[in-house]
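S.K.: Attaching a predicted model along with its sequence, questions to come.
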Amino acid sequence: MFKYIGEVLHGTYTQLRSLVMVFSHAFRKRDTLQYPEEPVYLPPRYRGRIVLTRDPDGEERCVACNLCAVACPVGCISLQKAETEDGRWYPEFFRINFSRCIFCGLCEEACPTTAIQLTPDFEMGEFQRQDLVYEKEDLLISGPGKNPDYNFYRVAGMAIAGKPKGAAQAEAEPINVKGLLP
Amino acid sequence: MATIHVDGKAYEVDGADNLLHACLSLGLDVPYFCWHPALGSVGACRQCAVKQYQDENDTRGRLVMSCMTPASDKTWISIDDEEAKAFRASVVEWLMINHPHDCPVCEEGGHCHLQDMTVMTGHNQRRYRFTKRTHQNQELGPFIAHEMNRCIACYRCVRYYNDYAGGTDLGVFGAHDNVYFGRVEDGVLESEFAGNLTEVCPTGVFTDKTHSERYTRKWDMQFAPSICHNCSAGCNISPGERYGEIRRVENRFNGDVNHYFLCDRGRFGYGFVNRKDRPRQPVMMLSGMKMGVDAALDQAAALLKGRTVIGIGSPRASLESNHALRELVGAENYYTGIAAQELANLQLICQVLETGPLPTPSMREIEAHDAVFVLGEDLTQTAARLALALRQAVKGKATEIAAAAKIPEWHQAAVQNVAQQARSPLFIASVSETRLDDVATQSVQAAPQDLARLGFAVAHAIDPSAPAVSGLEPEAAALAQRIADALLAGQRPLIVSGASLGSRDVIEAAANIAQALKNREKNASISLVVPEANSMGIAMLVADDQGDKSVDAALQALTSGRGDALLVLENDLYRRAPVAAVDAALAAAKIVIAADHQITETAKKAHLVLPVGSFAESDGTLVSQEGRAQRFFQVFDPSYYDSGNLVREGWRWLHALHATRQNQPVDWTQLDQVTEACAAAHPRLAGIRGAAPKADFRIRGMKLAREPHRYSGRTAMRANINVSEPRQPQDRDSAFAFSMEGYAGSAEDRQQIPFAWSPGWNSPQAWNKFQDEVGGHLRAGDPGVRLIEPTGERNTWFAVNPAFAPEKGQWQAVPLHHLFGSEETSARAAPIQARMPEPYVALNKAEADRLAVNEGARLTLSLDGQTLHLPLRILDDLPLGVIGLPVGLAGIPAVFADARVTDIQEAAQ
């Protein structure tokens, strides 16, 4: 008998507690943002719109190695290698079809020169799907983005104008093949 | 056979092999660098270490280099042994110490043997903290780029270039970890086979410069099994395409033909496919009006209505296209597009091979012959890959000496040491010095007539029942005897000749030698070189036709009014017949329609040009000089990137035009149908049905993929045109898909392999995985079908020709061929143009002195009434009384073999 009354009282209490909990939300701080009036905070590592960055000297970082394109699971990156007079490789065109991109960040992970980076920006809506196709001029920014000090050509062994053989990091002077020293 | 035990499992292998060869042939992965199936073992890189045990009870074992250890019976080895694995990992780490941080900007990346082996051994972290050795690069010409920092000192390049291909200008300099592979100074690599360095080098020291211009990684290209169209050797190639352009040509392994190597014309001569000035829509040349396919067909049918159409085919077009033209114009109005003299020679060659006494060897078999006589052919310039095969043939002597000393064939350095430059006999008789003379026992230069007489004398010396040559100089008679003795002393003598000199006598002399060898019951062979990729096929196509099928007869038919319209298929008549004759015929023809993939001089004068596909955009069948029918497949669909591109296969245009004219529906919608029709119409060509699998061929229910499964950018590559992706192009004509979807692996046996790839093997070394034995043949059999097997009937002897007797004040013109320049289409590729000689006229030094002219002087001369202005080049070994003209270069007449040259004078400056 007492057990039965206890269960009824307990049931009533839990019902009332639920009601209080539900109605208490009416006085809490709101999680819903009034976007777009209210801007969204995105952490710096958020994976949004893709950019191509420049090295500390202001040159294009992308060397058109094609690793981003091959890493892309949806195949939405295509580019073509070309070479400048001074021996640098660069993309003649660099195209990302953002209507296919899933912002997975594998391209950034694959990039050996930190040229391709994902940024905290997702505001890319367009009325025409065709406008979601970004060419190099749409992607290339003027700064280095993440890894501001990295310059691939200072590490790579390939000579370019202004950086002859042996001038890269941890490189010895070129061998004089015709020298007599052992 | 021998039994070896690898990691406890027993395998049956060929005991004559080394362990590395045996393991790779079994499909086991052992990393290696310096070893190459065609170059043998030297044990330089230490990468292929495995642990060998005394017997099954031995548990300690010792590390051995598998490439230097014979796979003898009851060998116990372990690849997976921890110590062996650690050893291999440290070797690759040490090789990588100086390797630059370069892969993203390296053309080898993605098909790099060094990358593959580094991954295979598991080295992934750099521990070395000190400075890297660097090297200056060299400028090696328009074909090959040099980046010495990437070198791992495996010595493959010099072993290939010097020992295999006979080059002299690439060497190794320096000592210890400074060694440098290059030339003494910057300059063009001289060897005609230098391009193979790009595949032989396991890393990115030597890379394809023509590819780097418009570079694409291997995984991003679309490939198809193709056949080189640049000479009659029939080498198998694997062209790669991206964004509607051919980006490179790489070797495709065919164990019977070219196996691992190509010549530089074949590898770097593809640029004509990408030329901007190619016709890509049907165009009315006068008004410049471009048309659609149906409009062009209606227009062409209207133009040809009620006219007698003369059709001129081409030896650079496929059998299918030529057959479609023959169907369109009728057999009596179909002409081959080959000059009369050349066609006669081709038919003679066909007859010698079909009914003659000796078989023609495949290119691989040539390497197994031990006494060779080359009569009148400068092979390096006319069918270069054969010259490389002959270089291997003369090494047979070295193998023989080594075998006597119990040194296995694969032990390359030891074989070379013990043989001390010993070579099998090779005699070369040609009009001027050839690039094979350095390995020849003796080479001799003479006018074509005298070469033929030498050949007849050799035949007589072999078999006295052959007609004797009277009035031969004693020196020549002695040489003929020496050649005859050498051929008779060989186990497998070979006679090589061909049509390049345009001399019937030379071919007849070669046939006599063949007959003489047969009469002496030698196991001999004869190989006859023909001028163009499909010359042999065309000769077989018209073999049963009545009447003269030469281009001259076709032009005659037009000028005489027998025909009043002309349809030219992939042919530039100005390269086939005298200018005046072509001009007259084109003027006489009311209508001229050209179907070509280049705007040739003939196409410029046509009323309508139909854009046909080059080898990259069409399928078809070619017959090589060996008589091997091989199919080449379309690499890409050009309309995928440019819907205005209306390039179609030649046979498709011609058949559609035929159907339009007849007002009938199109019958041939597939390649197999036209191949079948061609085979049915020409009994000699019946075998072409089996040259490749039909369009319904599937592996595990799948088509075969043209693209590697990593092919990137599929949703972006044409997004600039339209963001909505179209369906991938469908290929009705073949078993290949324009896609990465389909079978691309090495587990299932197949003959037609667009690109070599196997899991973990991205470099050309992946061919290991497709072969019955490494370096042997494809597991599914080598592609192609031999159409010619000799009946062995006894030929009658050909009669000896009279000696060369130049009249005073007259010279005889002889053709001099150039690997770079003499072939029409490759000469339209920019890198080849950079290596082409300027047009010249060649004279012997004594003749030049007599005329008091110096090297480089501008001469005027009269050739059969035609006046030419050319600079003089002095060739010391050119015979007296002949004048050499480079074939196919600008300003050189189309046909001049045997022509008389008079009035040589120095032009007024």
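M.R.: Perfect, thanks for sending it.
S.K.: What's the local residue count around the closest residue to chain B within chain A?
M.R.: Going by Cβ to the nearest Cβ, chain B is nearest to A:Gly157 of chain A, at 2.3 Å. The way it works is simple: take the backbone N, C-alpha and C, and place the C-beta from them, glycine included. Neighbours of A:Gly157 under the rule other Cβ atoms under 10 Å in any protein chain shown: 25.
S.K.: That one contacts A:Ala168, correct?
M.R.: Yes - between A:Gly157 and A:Ala168 there is a contact at 6.0 Å, judged by Cβ atoms under 8 Å.
S.K.: residues in contact with the residue in the stretch 601-750 of chain B positioned nearest to chain A?
M.R.: The stretch 601-750 of chain B approaches chain A most closely through B:Gly713 (3.1 Å), counting by Cβ to the nearest Cβ. B:Gly713 sits next to A:69, A:72, A:75-79, A:95, B:220 when contact means Cβ atoms under 8 Å, 6 or more residues apart in numbering or on different chains.
S.K.: likewise B:His323?
M.R.: Per Cβ under 8 Å, 6+ apart, neighbours of B:His323: B:541, B:651, B:674, B:677-678, B:681-682.
S.K.: Please check these and keep the buried ones.
M.R.: In those, burial by neighbour count holds for B:541, B:651, B:674, B:677-678, B:682, counting by 16 or more other Cβ atoms under 10 Å in any protein chain shown.
S.K.: From B:Tyr215, how far off is the spatially closest residue to A:Gln80 that is not a sequence neighbour?
M.R.: Ranked by Cβ to Cβ, 6 or more residues apart in numbering or on different chains and with sequence neighbours excluded, the top spatial neighbour of A:Gln80 is A:Glu92, at 4.4 Å. A:Glu92 is 10 Å from B:Tyr215, where distance means Cβ to Cβ, to the nearest Å.
S.K.: and the two? which has more neighbours close in?
M.R.: Remark: of A:Glu92 and B:Tyr215, B:Tyr215 carries more neighbours, 23 against 12, as counted by other Cβ under 10 Å.
S.K.: what's the neighbour count on the closest residue to chain A within chain B?
M.R.: Among all residues of chain B, B:Pro100 sits closest to chain A, at 2.3 Å; criterion: Cβ to the nearest Cβ. Counted by other Cβ under 10 Å, the residues lying close to B:Pro100 total 22.
S.K.: picking up where we left off before, leaving out sequence neighbours, find the closest residue to the residue of the stretch 601-750 of chain B closest to chain A.
M.R.: A:Ser78 (3.1 Å).
S.K.: Local confidence estimate at the closest residue to B:Asn801 other than its chain neighbours?
M.R.: Using Cβ to Cβ, 6+ apart and skipping residues adjacent in sequence, the residue nearest B:Asn801 is B:Asp505, 4.1 Å away. Listed pLDDT for B:Asp505 reads 94.
S.K.: what's the neighbour count on B:Asp505?
M.R.: Quick note: B:Asp505 (other Cβ under 10 Å) scores 22 neighbours.
S.K.: With B:Ala842 instead?
M.R.: 21.
S.K.: B:Ala803 against B:Pro448, yeah?
M.R.: No - between B:Ala803 and B:Pro448 there is no contact, the gap being 11.3 Å when judged by Cβ under 8 Å.
S.K.: quick one, which of these two is more surrounded?
M.R.: The neighbour count for B:Ala803 versus B:Pro448, taken as other Cβ under 10 Å, is higher for B:Pro448 (25 against 17).
S.K.: quick one, phi/psi of the nearest residue to that one once chain neighbours are set aside?
M.R.: Leaving aside its sequence neighbours, B:Pro448 sits nearest to B:Ser503 (Cβ to Cβ, 6+ apart; 4.0 Å). Backbone torsions for B:Ser503, taken as degrees, to the nearest 10, come to phi -110, psi 120.
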